[in-house]
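*Asks:* predicted model and sequence below, questions to follow.
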Amino acid sequence: MGADCRRREAPSQSASEEWHPRAGRLGGGVPELGGLQAGNPAVADCGVARTATQGGADDAARAARGVCVRASADRRRHSRRLFAVETLRQPLSAGGGRRTEADDFPRPVGAYSGFQHSYRGRPSEGESTVTPRFRAKARSVLDCSPTAVRRVWLWSACVLFASMAWARSDGPAQPTAPSTADSARAAHAMLTRLCDDFGGRLTGSEANRRALQRLSSELVALGYQPELHTFPFRGWERGEDRVEMLSPVRRVLRVAALSYSEPHPPFAADVVVLGRGAADDFPRSELQGRTGLLDAASVPLGEVLPVAKARGMAALLTINRENGGQLLARTGSFSGEALPIPVYSVTQEEGGWIRRLLERGEKVSVQVETRSHSVAAETSNLVVRIPGKTDDLLVVGAHFDSWDLGQGALDNGLGTAQVFALAHRLRRSQPLRTIELVWFNGEEEGMWGSRYEAGRVGGTRIVAMLNLDMVGVPQAVNALGDDSLVPILERWNAARGAKKLPLGVQNRCWFGSDHMPYQLAGVRALTLHGPIDPSLVRYYHDFGDTADKVPEALVVDSTEIIADLVLALANDPGLKPLRRTPADTAALFRKAGLEQRLRAVGWWSFGDGPRETSKSTPPSGAQPAKSAGPNS
């Protein structure tokens with residue numbers, strides 16, 4: 001900044017001189033503009049010529065540095081200040097001073113109206129129109145410059161705002177809760193890191209353990225104190241899986257063993273088509289020592305394996321339901337026990353090729369080998385709580401584990417992220433009921449984690465359990481067969497007005513996810529029906545289930561509805577804790593047509609009739625299987 005722009009102490013002044021900090025000496029001598037024009041870049045050349053005042057014989061007339069106005073508002077403001085300076089340059093009218101070079105001084109455009117009448121006409125030689133009143137006005141303009149006014153206004157506004165904010169609270173302002181959308185975006189970023197840093201999260205694996213530690217650290221950063229609920233289970237580790245076609249041509253097939261397949265030495269076997277799994281229609285002589293070819297979606301594996309073993313079959317090949325060279329990793333055992341025979345998933349293309357060869361009468365033989373094996377292990381669920389005003393509990397859970405082929409982004413990284421978004425969004429809230437957020441482990445291999453938590457509910461006053469397993473943007477809310485939840489969910493959906501779910505409230509129970517152990521324990525459960533785009537969901541349980549299959553918008557849009565439902569359930573005074581009797585639970589599953597399925601996996605514990613039984617939790621050795629439910 002130039003010398004003209006620095007403030008200086010007022011020098012000694014004679015009786016004929018007056019000092020102003022912005023205009024310099026007044027009355028006698030040429031005033032110092034103090035950088036008023038040259039130091040202001042907002043002003044450009046406006047043709048101000050040189051002027052001088054009487055009594056300044058020792059000083060040459062100074063050229064005023066004119067600069068242009070960038071905007072009309074700035075032009076008016078700076079013209080006003082220039083007028084003030086020029087006014088203070090002139091002697092008082094009583095002093096008889098004479099302006100020189102007056103004709104060279106134009107009247108600034110848009111000048112401040114308070115001074116305009118001083119220049120109604122050009123002053124003649126020896127005439128001065130400046131009165132003490134005008135000099136006082138000019139001095140006030142310079143003292144109240146826009147910069148000074150802005151500084152005073154800003155300081156006053158800050159003080160006023162702070163005092164008002166303090167007056168509205170009992171103390172310092174509390175941090176505001178993040179928006180649901182911001183929380184969902186944070187959850188999506190967390191999921192991407194989790195998938196890319198650790199890959200698939202097979203229960204019991206090192207990748208699963210490290211990923212769970214990462215999630216726990218993220219929750220600690222949000223202010224939670226996560227709990228690890230550790231329990232033993234029968235784990236399984238994937239080794240090398242190999243199936244090679246020996247005839248009519250040699251070719252190594254693309255396969256993946258189902259969990260709890262055990263290692264065995266290589267053996268060769270002819271292949272027979274089982275079609276839709278009606279193995280009991282084949283004479284034993286036709287199946288003994290053979291490898292069966294089976295459509296994966298035709299019949300539950302739990303119903304086929306006992307028959308296949310009883311007929312003396314050597315192995316099973318299940319054809320994937322999706323094309324494109326994909327495989328379908330899935331559980332083969334519901335209890336953690338070793339499979340009686342090895343089971344492999346094969347691609348739709350290669351499975352179809354084998355079927356066509358057999359249908360033409362060709363003999364197809366394969367050699368089978370695996371080094372995958374079961375192992376005694378332990379794993380943990382991760383639990384955090386959002387304290388409510390009462391001890392009544394709303395459980396919201398999603399399974400954290402995945403299969404090992406891909407990254408487990410859709411199944412069930414999506415649910416993992418949605419529950420994390422709830423933790424991020426609700427961490428400063430205090431609902432009516434306590435909200436328990438649970439990331440279950442071991443769901444894919446038999447719902448080990450949810451079974452463990454359901455076995456601990458005891459007399460806990462649980463109002464409901466919400467399960468989030470591959471839930472896209474919700475189109476409906478599902479009471480999972482519990483009639484008592486329907487009016488509560490209908491009331492919530494109606495209250496959403498224009499944003500209510502298009503398919504409303506459903507009431508259909510389905511088998512194969514973490515709500516099942518809770519339902520078997522008599523706890524009411526619900527979920528959301530949110531179909532995922534077929535172009536994405538086709539990678540379910542496959543190598544292609546990677547982080548890019550979960551767009552940020554999917555997490556944001558789904559979490560908006562999920563968070564609204566969770567808050568409604570946590571604060572609805574009409575939702576009371578309720579525990580079904582075993583008889584009511586058995587009736588629920590019979591109505592849903594699931595009794596045979598539960599019996600096939602060894603999970604039915606309610607007897608042969610509608611009578612009440614004393615046992616409502618799963619037997620220690622029985623685990624349900626993942627099924628193709630609405631969201632799985």
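*Replies:* Received the coordinates, thanks.
*Asks:* for the stretch 201-350 of the chain, which segments count as helices?
*Replies:* Remark: helices assigned in the stretch 201-350 of the chain by DSSP state H, counting those that start in this stretch are 206-221, 284-287, 301-310, 348-359.
*Asks:* can you list the ones you listed in JSON lines and add distance to Phe400?
*Replies:* Every residue, glycine included, has its C-beta placed from N, CA and C. Formatted as JSON lines, those follow (distance: least, C-beta to C-beta, whole Å):
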{"stretch": "helix 206-221", "distance to Phe400": "7"}
{"stretch": "helix 284-287", "distance to Phe400": "40"}
{"stretch": "helix 301-310", "distance to Phe400": "24"}
{"stretch": "helix 348-359", "distance to Phe400": "29"}
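*Asks:* looking at those helices, which is buried most?
*Replies:* Highest mean neighbour count among those (mean count of other C-beta atoms under 10 Å): helix 301-310, with a mean of 19.
*Asks:* which other helices and strands does that helix contact?
*Replies:* strand 315-319, helix 595-600 (3 or more C-beta pairs under 8 Å, 6 or more residues apart in numbering; DSSP states H and E).
*Asks:* if we use 6 Å, what do you get?
*Replies:* Helices and strands touching helix 301-310, by 3 or more C-beta pairs under 6 Å, 6 or more residues apart in numbering; DSSP states H and E: there are none.
*Asks:* what's the average pLDDT for that helix?
*Replies:* For helix 301-310, mean pLDDT is 85.
*Asks:* coming back round to it: which of the helices of the stretch 201-350 of the chain sits closest to Pro573?
*Replies:* Pro573 lies closest, by C-beta to C-beta, to one member of the helices of the stretch 201-350 of the chain: helix 206-221, at 29.4 Å.
*Asks:* quick one: residues in contact with that closest one.
*Replies:* Met190, Leu194, Phe198, Gly199, Arg201, Pro226, Leu382, Val384 (C-beta atoms under 6 Å, 6 or more residues apart in numbering).
*Asks:* out of the helices of the stretch 201-350 of the chain, nearest to Asn320?
*Replies:* Nearest of those to Asn320, taken as C-beta to C-beta: helix 348-359 at 5.0 Å.
*Asks:* residues making contact with that closest one?
*Replies:* Contacts for helix 348-359 (C-beta under 6 Å, 6+ apart): Leu253, Val271, Val273, Leu293, Ile319, Asn320, Asn323, Val364.
*Asks:* swap in stretch 368-375?
*Replies:* Contact with stretch 368-375 is made by 234-243, 257, 260-263, 266, 315, 338, 342, as judged by C-beta under 6 Å, 6+ apart.
*Asks:* picking up where we left off before, would you mind telling me which of the helices of the stretch 201-350 of the chain is nearest Leu414?
*Replies:* helix 206-221 (14.3 Å).
*Asks:* what bits of the protein have low per-residue confidence?
*Replies:* Flagging of the chain using pLDDT under 70 yields the residue ranges 1-175, 275-283, 609-632.
*Asks:* give me the longest strand you can find in it.
*Replies:* strand 373-386 (DSSP state E).
*Asks:* for the next helix or strand after that one, buried residues please.
*Replies:* Sequence-wise, the next helix or strand downstream of strand 373-386 (DSSP states H and E) is strand 390-399. Within strand 390-399, the residues that qualify as buried are Asp392, Leu393, Leu394, Val395, Val396, Gly397, Ala398, His399, counting by 16 or more other C-beta atoms under 10 Å.
*Asks:* the domain parsing of this protein - what is it?
*Replies:* According to automatic domain parsing, the chain comprises the domains 3-149, 180-233+376-526+553-600, 239-371.
*Asks:* deepest-packed of those domains, please.
*Replies:* Using mean count of other C-beta under 10 Å, domain 180-233+376-526+553-600 ranks as the most buried of the domains of the chain, with a mean of 20.
*Asks:* looking at the contacts of helix 206-221, which two lie furthest apart in space?
*Replies:* The distance between the two most remote of these (C-beta to C-beta) is 24.6 Å, for Gly199 and Val384.
*Asks:* contacting residues for Leu414?
*Replies:* By C-beta under 6 Å, 6+ apart, the neighbours of Leu414 are Val550.
*Asks:* 10 Å instead?
*Replies:* Residues counted as contacts of Leu414 (C-beta atoms under 10 Å, 6 or more residues apart in numbering) are 187-188, 191, 398, 408, 468-472, 530, 532, 536, 549-550, 554-555, 558, 631.
*Asks:* strands - which of these land there?
*Replies:* Ala398.
*Asks:* same list, the contacts of helix 348-359, but as CSV with distance to Ser372 please.
*Replies:* Supplementary listing: the contacts of helix 348-359 in CSV, determined by distance: C-beta to C-beta, whole Å:
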residue, distance to Ser372
Leu253, 16
Val271, 21
Val273, 25
Leu293, 20
Ile319, 20
Asn320, 18
Asn323, 25
Val364, 24
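*Asks:* for these, which one is nearest Val438?
*Replies:* The shortest gap between Val438 and any of these belongs to Asn320, at 31.0 Å (C-beta to C-beta).
*Asks:* which non-adjacent residue is nearest that closest one?
*Replies:* In this structure, Asn320 finds its nearest non-sequential neighbour in Leu328, 4.5 Å apart by C-beta to C-beta, 6 or more residues apart in numbering.
*Asks:* closest to Asp572 out of the helices of the stretch 201-350 of the chain?
*Replies:* Asp572 sits nearest to helix 206-221 of all the helices of the stretch 201-350 of the chain, at 26.2 Å, using C-beta to C-beta.
*Asks:* could you dump the closest one to PDB, C-alpha only?
*Replies:* Extracted in PDB, the C-alpha atoms of helix 206-221 (Å, rounded to 0.1, in the frame of the first residue of the first chain):
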ATOM      1  CA  GLU A 206      -9.400 -62.700   8.700                       C
ATOM      2  CA  ALA A 207     -11.000 -60.300   6.200                       C
ATOM      3  CA  ASN A 208     -14.300 -60.400   8.200                       C
ATOM      4  CA  ARG A 209     -12.500 -59.800  11.500                       C
ATOM      5  CA  ARG A 210     -10.500 -56.800  10.200                       C
ATOM      6  CA  ALA A 211     -13.500 -55.300   8.500                       C
ATOM      7  CA  LEU A 212     -15.500 -55.600  11.700                       C
ATOM      8  CA  GLN A 213     -12.700 -53.800  13.500                       C
ATOM      9  CA  ARG A 214     -12.900 -51.000  10.900                       C
ATOM     10  CA  LEU A 215     -16.600 -50.600  11.400                       C
ATOM     11  CA  SER A 216     -16.200 -50.500  15.100                       C
ATOM     12  CA  SER A 217     -13.600 -47.800  14.800                       C
ATOM     13  CA  GLU A 218     -16.000 -45.800  12.600                       C
ATOM     14  CA  LEU A 219     -18.700 -46.000  15.300                       C
ATOM     15  CA  VAL A 220     -16.300 -45.000  18.000                       C
ATOM     16  CA  ALA A 221     -15.500 -41.900  16.000                       C
END
